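Asker: Pasting the sequence and the predicted model now:
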Amino acid sequence: MSNPDLTVEIGDLKLKNPLTTASGTSGYGQEVKDYYDPEILGALTVKGLTVEPSGGNPVPRIVETPAGILNSIGLENPGLNEFKAKEVERLGEFELPVIVNISGHSVEDYLILARQLATCDQISALEVNVSCPNIEGGGMAFGTNAEQVYRITRKIKEVYSQTVIVKLTPNVTDITEVALAAEEAGSDSISLINTLQGMAIDIHRQEPVLGNIFGGLSGPAVKPVALSMVYKAAGAVDIPVIGMGGIMSGADALEFIMAGASAVAVGTGAMVNPELMPKIIAEIENYLTENRIKRVQDIIGIAQKKGGK
Amino acid sequence: MLTEIIANRQVGPDYYRLDLRLSRKLEGVRPGRFFHLQIRKDELISEPLLRRPFSVFDYSAQDCLLSLVYCVVGRGTKIMARMRPGEEVDVLGPLGTGFRTDFAGNKPLLIGGGMGTAPLYYLLKEVIKDNDPLVYLGGTTTEDMVYFRTEFGKLYKEFGDRDCSRRLLMATLDGSCGFQGTVIDHLQEKNKFLNDVDFVYCCGPDGMLAKVQTLAEKFGLPGQLSAEERMGCGYGVCLSCSCSTTDGNQRVCKEGPVFEIGEVIFDE
């Protein structure tokens, strides 16, 4: 039997396999080169970008929790101008679709980013972050409100003609409501989940551990939650879904694919093991070969059919 | 890289020394760089999730032997203290920048505070060959200091200084070993050390680093500090360990942990 077909499509993007990086966990793809060739990925999703440079949140920005981590990086990034001057060219050297994650404090911020990045040939898609729990105003405040998600997505689609992916927060009552809002507004895809808000307290100092008090929970601890949200969202919309949340192995990735994700992103897993990505691709491929499945596309959402809705 | 535990023994009240055999020789294992240890046994186990960073205490390229000295402070290090010879540990590294040894003159001063002393042993080993280094270590009690004092003393002896009491100085808060007080108190009191040296290295708590930086700048001394911050990835992608410097935010794990004196902006 020939090698299984791992290709998937997200909007106009053709991915050679379903794996991408979760924004903010692989920088701009340069640091990971010491461990693997980023071009083996289906797509590269880079660090969250804001219009103005951001120094991020006060330290400590990370704390370990049971089977997970809480982070409150706060979108530290060089800002749009420096990103365009220093990173875009280098990103263009990668032979794979590059997805830029954008974040803002106002609708206008998102539009500035979308208009400016529309002029960069090196960038194939935008992931619209309306779900960051770590910034004041904007971020998650947009993503928890279906009307706001609709409005932002609609406006971005007016100024950005390529693939738009809206990244959703799990910190909502009904994930299908925001997923549908993004779809109705014309988004080409949705990605989920961003981190779940959480906190940790240092009992010796008797104060919150994180400098920002609250952070976003990720890692294996959130996987069952993420999976159920992907299952529900993918069941509700017709656009492709990028699933993420605690993926540490090919088996985890396959669970998301079977729940309905066309592609999957790995964040925390790659942070703790930079050599994980090639392993996950190989494990997905092996699973398909062993089970005589010709195309990964054949099992996208397969558990939906069996599980009913 | 998978390594094998050769020894993991207690060397102080909460201090342990972990000796690891690397599966192959590694390039660039320099003083001041660090290794990121996976504490969970293997990929099938999710806990504890984050790796833990430890600076190189000693390294023998010939035997592929890496030694780390760590202090049991939390869950990760408690689990580490239970690890036994023969078990395997996954390590990432060497990571970060190391100390440079291209300073002018031949009298470097190495200042260590508590656990921050660990990377200075391998540094001393390198600079003692061609220089006349002065080491000043600070701790809370004698017990904290015994292991480092013994090991540093042996190194001096190996290089011909049998009585290294004038080149290996101690300060303890309880006064049970060396000067009573902090290293900083003593340095301020006896400016002569700072007048006599060419270069300053320091690794210790933030407060110590900040004061050493101020003193070094006052005396016009070049030098380097090894900073510490809670880390996530250890290889520069997650930006958990950002620190403010005169050149904007820098990553302790990538541009650091070793920074030039004057570079890091410490909180007041």
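Answerer: Structure received.

Asker: Pull the number of nearby residues for the closest residue to residue B:196 other than its chain neighbours.
Answerer: Sequence neighbours aside, residue B:107 is the residue nearest to residue B:196 in space, at 6.3 Å (criterion: Cβ to Cβ, 6 or more residues apart in numbering or on different chains). No exception for glycine: its C-beta is placed from N, CA and C like everyone else's. Residue B:107 has 15 neighbours, counted by other Cβ atoms under 10 Å in any protein chain shown.

Asker: so how far is chain A from residue B:107?
Answerer: In this view, residue B:107 and chain A are 35 Å apart by Cβ to the nearest Cβ, to the nearest Å.

Asker: surely that residue meets residue B:128?
Answerer: No - if you go by Cβ atoms under 8 Å, residue B:107 and residue B:128 don't touch, sitting 11.8 Å apart.

Asker: re earlier: would you list the phi and psi of the residue nearest to residue B:196?
Answerer: When read as degrees, to the nearest 10, the backbone of residue B:107 gives phi -120, psi 80.

Asker: Next: residue B:9.
Answerer: Torsion angles, degrees, to the nearest 10, at residue B:9: phi -120, psi 150.

Asker: Leaving aside the residues adjacent along the chain, what's closest to it?
Answerer: Nearest non-adjacent residue to residue B:9, counting by Cβ to Cβ, 6+ apart: residue B:17, 5.9 Å away.

Asker: mind listing what the one you found touches?
Answerer: B:7-9, B:11, B:57, B:67-69, B:147 (Cβ atoms under 8 Å, 6 or more residues apart in numbering or on different chains).

Asker: List buried residues within the residues you listed.
Answerer: B:8, B:57, B:67-69, B:147 (16 or more other Cβ atoms under 10 Å in any protein chain shown).

Asker: ok, residue B:89 to chain A distance?
Answerer: 14 Å.

Asker: Could you look up the SS state of the spatially closest residue to that residue that is not a sequence neighbour?
Answerer: Closest residue in space to residue B:89, ignoring its immediate chain neighbours: residue B:3 at 5.2 Å, by Cβ to Cβ, 6+ apart. At residue B:3, secondary structure determined by DSSP: H, G, I helix; E, B strand; the rest coil is strand.

Asker: Quick check, the residue in the stretch 51-200 of chain A closest to chain B?
Answerer: Proximity of the stretch 51-200 of chain A to chain B (Cβ to the nearest Cβ) peaks at residue A:62, 3.9 Å away.

Asker: I'd assumed residue A:74 was in contact with that residue.
Answerer: No - in this structure, residue A:62 is not within contact of residue A:74 by Cβ under 8 Å, at 11.5 Å.

Asker: ok, which residues in the stretch 51-200 of chain B are in contact with chain A?
Answerer: B:51, B:75-76, B:92 (Cβ under 8 Å from any Cβ of the partner chain).

Asker: Can you report how many residues neighbour residue A:36?
Answerer: 17.

Asker: now the residue lying closest to it once chain neighbours are set aside: how far from chain B?
Answerer: Excluding its sequence neighbours, the residue lying closest to residue A:36 (Cβ to Cβ, 6+ apart) is residue A:278, at 5.0 Å. Taking Cβ to the nearest Cβ as the measure, residue A:278 falls 13 Å from chain B.

Asker: is it true that residue A:278 lies in a strand?
Answerer: No - assessed with three-state DSSP, residue A:278 is helix; it does not lie in a strand.

Asker: pLDDT value on it, please?
Answerer: Predicted confidence (pLDDT) for residue A:278: 98.

Asker: before we move on, what about residue B:218?
Answerer: So, for residue B:218, pLDDT stands at 94.

Asker: can you give me the strands for the stretch 101-250 of chain A?
Answerer: A:125-129, A:163-167, A:189-192, A:196-198, A:201-202, A:207-208, A:215-218, A:241-244 (DSSP state E, counting those that start in this stretch).

Asker: Make JSON lines from those and add mean pLDDT and mean neighbour count to it.
Answerer: Shown next, in JSON lines, are those (pLDDT from 0 to 100; neighbours: other Cβ atoms under 10 Å in any protein chain shown):
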{"stretch": "strand A:125-129", "mean pLDDT": "97", "mean neighbour count": "27"}
{"stretch": "strand A:163-167", "mean pLDDT": "98", "mean neighbour count": "26"}
{"stretch": "strand A:189-192", "mean pLDDT": "98", "mean neighbour count": "29"}
{"stretch": "strand A:196-198", "mean pLDDT": "96", "mean neighbour count": "20"}
{"stretch": "strand A:201-202", "mean pLDDT": "97", "mean neighbour count": "12"}
{"stretch": "strand A:207-208", "mean pLDDT": "98", "mean neighbour count": "14"}
{"stretch": "strand A:215-218", "mean pLDDT": "97", "mean neighbour count": "28"}
{"stretch": "strand A:241-244", "mean pLDDT": "98", "mean neighbour count": "30"}
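
Asker: Put together a markdown table for those strands, with distance to residue A:100 on each row.
Answerer: Supplementary listing: these in a markdown table, determined by distance: least, Cβ to Cβ, whole Å:
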| stretch | distance to residue A:100 |
| --- | --- |
| strand A:125-129 | 6 |
| strand A:163-167 | 10 |
| strand A:189-192 | 13 |
| strand A:196-198 | 24 |
| strand A:201-202 | 35 |
| strand A:207-208 | 32 |
| strand A:215-218 | 20 |
| strand A:241-244 | 14 |
